[in-house]
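Trainee: Sequence and predicted structure, then a few things I'm wondering about:
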Amino acid sequence: AIKFTSAGAVTLTVKKHATDDKIISFIVKDTGIGIPREKQPLIFEAFQQADGSTKRKYGGTGLGLSISRELAKLLKGEITLKSAVNEGSEFTLSVPVSGAAGIINSGSESRPSFAEIVQEEEVKRAENPNAQYISPSIPESVPDDRDNIAAGEKVILIVEDDINFAKSLLEFTRKRGYKGIVSVRGDYALNLAINYRPVGVLLDIQLPIKSGWEVMEELKNSPQTKHIPVHIMSSHKLKQESLLKGAVNFLDKPVAFEQIPEIFKRIEHIVNKESQKVLIIEDNSKHAKALAFFLESNNINSEIKSEVNEGVSALQQEDIDCVILDMGVPDNQAYEILEGVKKNPGLENLPVIVFTGKSLSMKE
């Protein structure tokens, strides 16, 4: 920040996170040269700077922010950026904090060196089960709409390394009235999602640098992107795994394009909804009301049913996004009814959260 600021000021602010008092934020703000919006997703990548003139004038290797982001990940945190050209930049490091007992180390304990941490991370990456889903080459980038997005326009992020398929998706995106941003590599996806705040993500599993699984994990672990619906498209037959990882839909790639209109219908349905709705099936009224209160404090509507049969009827008649089910409700047919619900057309992918004080067997 000091290097890129010839006039004005550089400030460091340390404070609690705005929405979570278990997270502390370190904010570095400057009045320097700023970073163009289209360059912001790139600067966290290794050997990248805003442009060639930056390196010639200021020097450096382009590794600083890449290393900083990896260190933030090791601390289970994240780094975010706000910047405008000729106005300055604001970098925020947000990391979780523990109580004093969790921070202090006894003298007998030795903390691992940075080199040891890096080596451990390299071993983990070598053993990464997702390695089979990483493409060996990076294709040319696809021209998109990132430089022509006006305030209020809705954006779709396309993460796809098949250039022809990506162009087809981009064309369809534009026809539906959205702006499209294309990333042909997995490691750019999170920063693009943070910067452009898309209303939906179309994600391939096999990608260069980072697999779709890794991208999905990053999107769902970031408070800024975890709410964005992700639709996975792949030639790999991994529907169950995709849904378990948080995708709202999975399409087999050979026929995926034919089903794209349905994807956009689902995206528009989510975008146009004022809030989500959860069905609570719970016979303990106190528990049910406590759950409803918690959900409503997070702008989620709820409906309470005390019996499973009533809940099934509500599912068939109303628009429900998720079910919280107490398997201890006094109904011997709870499991059979639950299985029946999952087989109903339109409900097979409905998330069901089991909320119970019972000790459930593996079969249950």
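Mentor: Thanks, I have it.
Trainee: Is the residue lying closest to Leu93 once chain neighbours are set aside bridged to anything, and to what?
Mentor: Take Leu93 and drop its neighbours on the chain: the residue closest to it by CB to CB, 6 or more residues apart in numbering is Phe26, 4.4 Å away. (Each C-beta comes from the backbone N, C-alpha and C, glycine too.) Phe26 has the following beta-bridge partners by DSSP bridges: Val14, Leu93.
Trainee: tell me the domain ranges of this structure?
Mentor: What automatic domain parsing lists as the domains of the chain is 10-96, 135-272, 276-354.
Trainee: Which of these has the highest mean neighbour count?
Mentor: domain 135-272 (a mean of 18; mean count of other CB atoms under 10 Å).
Trainee: Run the chain-centre distance for that domain.
Mentor: Its chain's C-alpha centre and that of domain 135-272 lie 11 Å apart, by CA atoms, centre = their mean, to the nearest Å.
Trainee: residues in contact with Asp252?
Mentor: 233-235, 237 (CB atoms under 8 Å, 6 or more residues apart in numbering).
Trainee: where do the helices sit along this structure?
Mentor: Assigned by DSSP state H, the chain shows helices spanning 52-58, 64-74, 100-103, 114-126, 163-175, 189-196, 212-221, 239-244, 253-256, 260-272, 285-296, 308-317, 334-343.
Trainee: Can you tell me which of the ones you listed has the worst average pLDDT?
Mentor: Mean pLDDT values for the helices of the chain show the minimum at helix 100-103, a mean of 34.
Trainee: contacts for stretch 205-225?
Mentor: 19-20, 78, 80, 130-131, 133-139, 159-161, 184-187, 189-190, 193-194, 197, 201, 203-204, 226, 228, 230, 232, 234-236, 238, 242, 245-247.
Trainee: How about stretch 3-11?
Mentor: So stretch 3-11 is contacted by 1-2, 27-33, 58, 60, 88-89 (CB under 8 Å, 6+ apart).
Trainee: Distance check, Phe26 against Ile138.
Mentor: Phe26 sits 33 Å away from Ile138, going by CB to CB, to the nearest Å.
Trainee: centroid residue for the protein?
Mentor: Most central in the chain under CA atoms, centre = their mean is Leu219, positioned 1.8 Å from the mean C-alpha point.
Trainee: just the contacts of Asp252 now: which is nearest Glu303?
Mentor: Met233 (33.2 Å; CB to CB).
Trainee: Just the local confidence number for that closest one, please.
Mentor: Met233 is given a pLDDT of 83.
Trainee: Which strand residues bridge it?
Mentor: Beta-bridge partners, per DSSP bridges, of Met233: Asp204, Leu251.
Trainee: so it touches Ala247, yeah?
Mentor: No - between Met233 and Ala247 there is no contact under CB atoms under 8 Å: 9.8 Å.
Trainee: any common contacting residues for those two?
Mentor: What both Met233 and Ala247 touch, as defined by CB under 8 Å, 6+ apart, is the set Leu203.
Trainee: about what we covered before: and the residue nearest to Leu93, how close does it get to Thr11?
Mentor: Where Thr11 is concerned, Phe26 sits at a distance of 11 Å (CB to CB).
Trainee: ok, Ser183 - contacts?
Mentor: So Ser183 contacts 41, 157-160, 189, 192 (CB under 8 Å, 6+ apart).
Trainee: if we go to 10 Å?
Mentor: By CB atoms under 10 Å, 6 or more residues apart in numbering, the residues touching Ser183 are 41, 141-142, 144, 157-161, 166, 189-193, 201, 203-204, 207-208, 215.
Trainee: Cys322 too?
Mentor: Counted by CB under 10 Å, 6+ apart, Cys322 has contacts 276-280, 295, 300, 302, 350-353.
Trainee: mind redoing it with 8 Å?
Mentor: 276, 278-279, 350-353.
Trainee: Which of those fall within strands?
Mentor: Mapping the contacts of Cys322 onto strands (DSSP state E) picks out 276, 278-279, 352-353.
Trainee: Turn the residues you listed into TSV, including distance to Ser6 and pLDDT.
Mentor: Shown next, in TSV, are the ones in strands among the contacts of Cys322 (distance: CB to CB, whole Å; pLDDT from 0 to 100):
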residue	distance to Ser6	pLDDT
Gln276	48	69
Val278	53	83
Leu279	59	81
Val352	58	78
Ile353	54	80
